[in-house]
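> Generate coordinates for the sequence data below:
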Amino acid sequence: RLGGGPVSGFRIITAIDLLDGHVVRLYKGDYKQSTVYSHDPAEPIEKFIEAGADLVHIVDLNAARAGDRSANRAAIARIRTASIDRVALEIGGGIRDMEALGDYLEAGVDRGIIGTAAVRDPEFVTAAVRQFGPERVIVGVDALDGIVRVSGWEESSQIKVDDFLVDLQQRGVGEVIFTDIARDGALTGPATGALREILKTTQLRVIASGGISSLHDVGLLLDIGHERLVGAITGKAIYEGTLDLPGGWWLSLGSWREWWSRRCPVPAPPDAPAVSPAAVSPLRFRVPGAALRLSRPFSPGSLPAGL
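Residues are numbered from 1 along each chain as shown. The predicted structure is shown next:
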């Protein structure tokens, strides 16, 4: 459980995008190319929890586009009710002042995501981090061709991503969600090059978003091998069935014991093998259409039965 604290290790974060009260996914940020996956926003929450999710990412697309937080208010309330004491939530879209941010955080949402307002009102970011802390306030950096986009991705800010990230870091921001708009909803793989550059040139923790479609893509992110790459957000791949969540959880956790605790109702045996940070074993996972080779801390005996 996140429980309002910082994300620990790498996590696959499941996404729910809301448009007019429905669960949708946009194709490359285009509101005219939306696919409805559920009319009940609580339905995916149940499926995510069953699969072992500990953090769900919510975007209010109506609010992100025009600042109207009323269109999805009932849907967000249903999600919150379904998630209480079961899974942590982070939410973005339309958080453009302290009142909106406070409404969510005081209602029990674990983290608020500032997007457009971080570009248009940088002092708001400074004040928000100071009041609620960098663990509960994160910034969404949505980029197209190296330029930050705002207002639900529909407008260019004319600000370069590199310059924006430097400013955020100076304002006390500790974590960002980096979305490559050209990849979002397209299932074309993560923007590993851009992610490596962000991790190299800043001290920010980074969550990857956009293009993640399979275990192979999860492996590409894990192979970056950076402790400040703390998660990946995926939505369409889950709804379309191209990403196996249980397999993804295990890959991201790297821990047999934690995998067991998520999948089994009883404690792991005391002699269950543990992952040794010193034991690095290249593993090959066979997934549809791709061979994934990972070199990261695994002990040869840490694979649970059935994987």
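
> what about the residue most central in space within the chain, which SS state?
Centroid check for the chain by CA atoms, centre = their mean gives residue 233 as the closest residue, at 3.1 Å. Under DSSP: H, G, I helix; E, B strand; the rest coil, the three-state class of residue 233 is strand.

> So what pairs up with it in the strands?
Beta bridges link residue 233 to residue 13, residue 209, judged by DSSP bridges.

> how much distance is there from stretch 88-105 to the middle of the chain?
On the basis of CA atoms, centre = their mean, to the nearest Å, stretch 88-105 sits 16 Å off its chain's mean C-alpha point.

> Show me which positions of it end up buried.
88-97, 100-101, 104-105 (16 or more other CB atoms under 10 Å). For glycine as for every other residue, the C-beta is placed from the backbone atoms N, C-alpha and C.

> mind listing which of the residues you listed are in helices?
The helices, defined by DSSP state H, take in 100-101, 104-105 from these.

> Now for the residues you listed: which two are most distant?
100 and 105 (9.9 Å; CB to CB).

> that older thread, turn the buried residues of stretch 88-105 into TSV, including pLDDT and distance to residue 190.
Output for those, formatted as TSV (pLDDT from 0 to 100; distance: CB to CB, whole Å):
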residue	pLDDT	distance to residue 190
88	95	23
89	97	23
90	97	19
91	97	22
92	95	19
93	93	22
94	91	26
95	95	25
96	93	28
97	95	32
100	95	30
101	97	28
104	95	27
105	96	29
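
> got TSV for the residues you listed, with distance to residue 157 too?
Listed next are these as TSV, based on distance: CB to CB, whole Å:
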residue	distance to residue 157
88	29
89	27
90	22
91	22
92	16
93	17
94	17
95	17
96	14
97	18
100	20
101	20
104	23
105	25
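
> which one of those residues is nearest residue 122?
Closest to residue 122, out of all of these and judged by CB to CB, is residue 96, at 12.4 Å.

> Touching, that closest one and residue 113? I think so.
No. With contact defined as CB atoms under 8 Å, residue 96 does not count as touching residue 113 (11.6 Å).

> Give the pairing partners of the helix or strand where residue 159 lies; include direction for each.
Assessed by DSSP states H and E, residue 159 sits inside strand 155-160. Take DSSP bridges as the rule and strand 155-160 pairs in its sheet with strand 147-150 (antiparallel).

> what mean pLDDT does the strand it pairs with have?
Mean per-residue pLDDT for strand 147-150: 92.

> For the remainder of this discussion, apply numbering that starts at 329.
With 329 as the first residue, the last one maps to strand 475-478.

> Return that strand as PDB; C-alpha atoms alone will do.
Below are the C-alpha coordinates for strand 475-478, written out as PDB (Å, rounded to 0.1, in the frame of the first residue of the first chain):
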ATOM      1  CA  ILE A 475       7.600  20.400 -25.900                       C
ATOM      2  CA  VAL A 476       5.200  20.400 -22.900                       C
ATOM      3  CA  ARG A 477       1.500  20.200 -23.800                       C
ATOM      4  CA  VAL A 478      -1.300  21.600 -21.600                       C
END
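
> Mind listing residues that contact it?
With CB atoms under 8 Å, 6 or more residues apart in numbering as the test, strand 475-478 has contacts from 357, 443-444, 447-448, 469-471, 483-489, 492, 509.

> Check stretch 524-536 too.
Contacts of stretch 524-536 (CB under 8 Å, 6+ apart): 334-335, 341, 466, 489-490, 493-494, 496-497, 501-506, 518-519, 523, 549, 552, 554, 556-561.

> among those residues, which ones are buried?
Buried by 16+ other CB under 10 Å: 335, 341, 466, 489, 493, 496, 501-506, 518-519, 523, 549, 552, 554, 557-561, out of the contacts of stretch 524-536.
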